[in-house]
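> Show me the folded form of this:
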Amino acid sequence: MKTFSLLLIASLFFFGCSSKPQTTQNIDPKLIVGKDIATLSFNDQFGTPHKIDTTTQTLIVAFSKDNAHLCNAYFAEQNPTYLANKNAVFLADISQVPSLIRSMFVEPGLKDLTHRVLLIEDDATSADFKTEANAESIVIAKLDNGVVTNVTLITTKEALADAI
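Below is the predicted model:
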């Protein structure tokens with residue numbers, strides 16, 4: 001009976017940690033040159049919605065945990081208004097993080113940051129941005145009036161500093 005109870009608890013724990021299964025759908029890629037993304041809106045780490053507007057000149061997107069940490073470490077070394085002063089927005093994909101881990105560790109940790117982090121929180125939105133080519137890179141999208149004019153993939157803190 002004790003073994004059965006432990007198995008039941010363990011299965012409920014892992015079931016609660018699983019992400020939603022990905023669904024197949026028609027994907028409208030967002031990070032391609034010529035695409036207007038000025039109407040997109042994402043919640044920040046405090047749950048406040050923010051739009052990618054026509055004043056945004058640089059969109060920085062991290063899909064992996066390591067790249068998000070690299071970006072956050074670099075931004076933490078800067079003035080808290082660094083991104084705003086550069087008309088830049090940082091977008092982190094947390095859609096693959098299990099919900100229990102997200103609510104217990106990721107979200108509280110993000111709230112300690114002094115810079116704004118916009119979040120991709122669901123698989124469908126992630127699929128609009130993430131490709132096999134950019135999944136392990138930091139994506140730098142240059143914008144002009146909300147339209148993507150250039151997309152660059154980088155992997156280092158130095159390249160991040162140069163790109164912004």
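
> Any stretches of this protein with poor pLDDT?
Scanning the chain for pLDDT under 70 picks out 1-28.

> quick one, strands of this protein?
Along the chain, counting by DSSP state E, strands occupy 41-44, 49-51, 58-62, 88-93, 118-120, 138-144, 147-154.

> which residues of the chain fall in helices?
2-17, 65-76, 82-85, 99-101, 107-111, 123-129, 157-163 (DSSP state H).

> rewinding a little: can I get the strands of the chain in CSV with mean neighbour count?
Glycine gets a C-beta too; all of them are placed from N, C-alpha and C. Formatted as CSV, those follow (neighbours: other CB atoms under 10 Å):
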stretch, mean neighbour count
strand 41-44, 15
strand 49-51, 13
strand 58-62, 22
strand 88-93, 23
strand 118-120, 22
strand 138-144, 21
strand 147-154, 15
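
> Which stretch among those strands approaches Ser99 most closely?
strand 118-120 (13.2 Å; CB to CB).

> Can you name every helix or strand that that closest one contacts?
Counting contacts by 3 or more CB pairs under 8 Å, 6 or more residues apart in numbering; DSSP states H and E, strand 118-120 is packed against strand 41-44, strand 88-93.

> Show which residues not belonging to stretch 56-64 make contact with it.
31, 37-38, 52, 68, 70-71, 86-93, 126, 129-130, 134-144, 146, 160, 163-164 (CB atoms under 8 Å, 6 or more residues apart in numbering).

> Setting aside sequence neighbours, what's the nearest residue to Thr152?
Closest residue to Thr152 apart from its sequence neighbours, by CB to CB, 6 or more residues apart in numbering: Ile140 at 4.5 Å.

> pretty sure the one you found contacts Ile154?
Yes - the pair Ile140 / Ile154 is scored as a contact, 6.1 Å apart, by CB atoms under 8 Å.

> Need the overlap of contacts for those two.
Leu160, Ala163.

> list the buried ones in stretch 68-80?
Ala68, Leu70, Cys71, Asn72, Tyr74, Phe75 (16 or more other CB atoms under 10 Å).

> between these, which is nearest Ile101?
Nearest to Ile101 among the buried residues of stretch 68-80, with distances taken as CB to CB, is Ala68, at 13.9 Å.

> Find the residue at the geometric middle of the protein.
Centroid-nearest residue in the chain: Ala92, 1.5 Å away (criterion: CA atoms, centre = their mean).

> can you pull up the bridge partners for that one?
Counting by DSSP bridges, Ala92 is bridged to Ala62, Leu119.
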